[in-house]
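[1] my questions concern the predicted model and sequence given below.
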Amino acid sequence: MIKIDMNSPEFQERMEKTVKFTDKVCESRGWVYNPEAEVNEGVQMGLARNKMMYNKLFCPCFMVEEVEGKPQSVDSRICPCKPAIEKEIPEIGSCHCGIFCTPEFAESKRVEMGMQEVAHTHSRGLTKKECEVLVDKSELDSDELIALLEAKELGMVHFTLVDVREHMEWQMGHIKGADKLVPTSSFFQTWDEVKLTKDENIILYCHVGSRSAHVARILTDMGYSKIGNLSHGIVSYSGEKEK
C-alpha cells in the first residue's frame, strides 16, 4: 500500500499546482466548479495523489490498474477526461467526479442546496425558485412536504396532495392540507372523478409509502409527468394532522 502524507511539503506543492490546473480547465472550457466545495477539494486531492503516484492526472473516481507494466485508468480517464467532455457535461451538466459543471447545473445545485437547508432547518421560508425545484422531486420527506404546504398556503407554489389510503384510514387521521382521497382499492374509478391534469404537480402519500409509490408508477405510465411521493408515508410525517 502506497501512503502519501497529505501534510508533506511535496503534497502541498502538488496540490497547489493541481488547483491551478483545474482553474485553467474551468476557464478554458467555460465550466465552473461544483457549488459544494468539499466535492472540489476531494477531487483535487485525488488528482494530486494520482499525479504523485502515477505521474498522470488520472480521475480519482476510477480504478487505476497496471497493464503491461504501466498504470492505466478505466476508460482512459485522465482529467479532463473524454467522457466528461463529450457526453457527461453536455448531457448531464456535470462530470462523473462532480468537480466540473456547466454554469446552469451549478446554479440549479445552489438552489437545491439552499432549498434543502430551509426544508430541514426551517431557518427561513422557501423562495419561489426553491419551491419550484422542491415540488418537482419524485421523493419527498416529512420536512420537505411541511415546507411545501407552508409555501402553498402563501400562494408560492401549487400542487395537489392526494391520500391513497382507504376511507377508514382517512377518518382516523390525515395530513392537514390534503386535497383528495383516492383509495387504492377503487383507484381507477375514483381517479377519474378527481379530474387532475397530466401536467400539474401531484404529491401522493399513504401509510408507509408503499401504496403511494405503486400509484406513482401507475400514474407515470398513464402519462402524468409531475408525480411526487412522501417516501415513508404519514407515519413519518411530523406536521399537523386532522381527523
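    Structure's in. What do you need? Numbering: from 1, shown residues only.
[2] the helix or strand bottoming out on mean pLDDT in the chain: what's the following helix or strand?
    Least confident helix or strand of the chain, by mean pLDDT, DSSP states H and E, is strand 64-67 with a mean of 80. Next helix or strand after strand 64-67 toward the C-terminus (DSSP states H and E): strand 70-73.
[3] let me see the mean pLDDT of that next one.
    In this model, strand 70-73 has an average pLDDT of 84.
[4] again with stretch 21-38
    94.
[5] where does the protein dip in pLDDT?
    Along the chain, the parts satisfying pLDDT under 70 run over 1-3, 122-123.
[6] so it: which segments form each domain?
    9-101, 124-242 (automatic domain parsing).
[7] nearest to residue 113, out of those?
    Closest to residue 113 of the domains of the chain is domain 9-101 (Cβ to Cβ; 6.2 Å). (C-beta placed from N, C-alpha, C; glycine too.)
[8] would you reformat the domains of the chain as TSV and include distance to residue 118?
    Below are the domains of the chain laid out as TSV (distance: least, Cβ to Cβ, whole Å):
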stretch	distance to residue 118
domain 9-101	16
domain 124-242	5
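[9] need those domains in a markdown table with mean neighbour count, can you?
    Below are the domains of the chain laid out as a markdown table (neighbours: other Cβ atoms under 10 Å):
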| stretch | mean neighbour count |
| --- | --- |
| domain 9-101 | 16 |
| domain 124-242 | 17 |
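[10] re the thing from before, partner strands of the least confident helix or strand of the chain, with direction?
    Strand 64-67 has these partner strands in its sheet, going by DSSP bridges: strand 70-73 (antiparallel).
[11] and the strands in this protein?
    Along the chain, the stretches classed as strands by DSSP state E are 32-33, 64-67, 70-73, 100-101, 139-140, 160-163, 174-175, 180-181, 202-205, 227-230, 241-242.
[12] nearest to residue 213, of those?
    Of all the strands of the chain, strand 227-230 sits nearest to residue 213, with 5.4 Å by Cβ to Cβ.
[13] mind giving me the packing neighbours of that closest one?
    strand 139-140, strand 202-205, helix 210-221 (3 or more Cβ pairs under 8 Å, 6 or more residues apart in numbering; DSSP states H and E).
[14] and stretch 58-74, how far apart are its ends?
    End-to-end distance for stretch 58-74: 9 Å, by Cα to Cα, to the nearest Å.
[15] got a list of what the closest residue to residue 205 other than its chain neighbours touches?
    Spatial nearest neighbour of residue 205, excluding adjacent residues (Cβ to Cβ, 6 or more residues apart in numbering): residue 230 at 3.8 Å. Residues near residue 230 by Cβ atoms under 8 Å, 6 or more residues apart in numbering: 140, 141, 142, 145, 203, 204, 205, 209, 212, 236, 237.
[16] quick one: the first one and residue 199, what's the gap?
    Relative to residue 199, residue 140 is positioned 19 Å away (Cβ to Cβ, to the nearest Å).
[17] do residue 20 as well
    For residue 20, the distance to residue 199 - Cβ to Cβ - is 47 Å.
[18] and for residue 172?
    From residue 172 to residue 199 the distance is 33 Å (Cβ to Cβ).
[19] same deal with residue 130?
    Noted for residue 130: a distance of 21 Å to residue 199, by Cβ to Cβ.
[20] do residue 179 as well
    Distance, residue 179 to residue 199, by Cβ to Cβ: 17 Å.
[21] and if you look at residue 170?
    In terms of Cβ to Cβ, residue 170 sits 27 Å off from residue 199.
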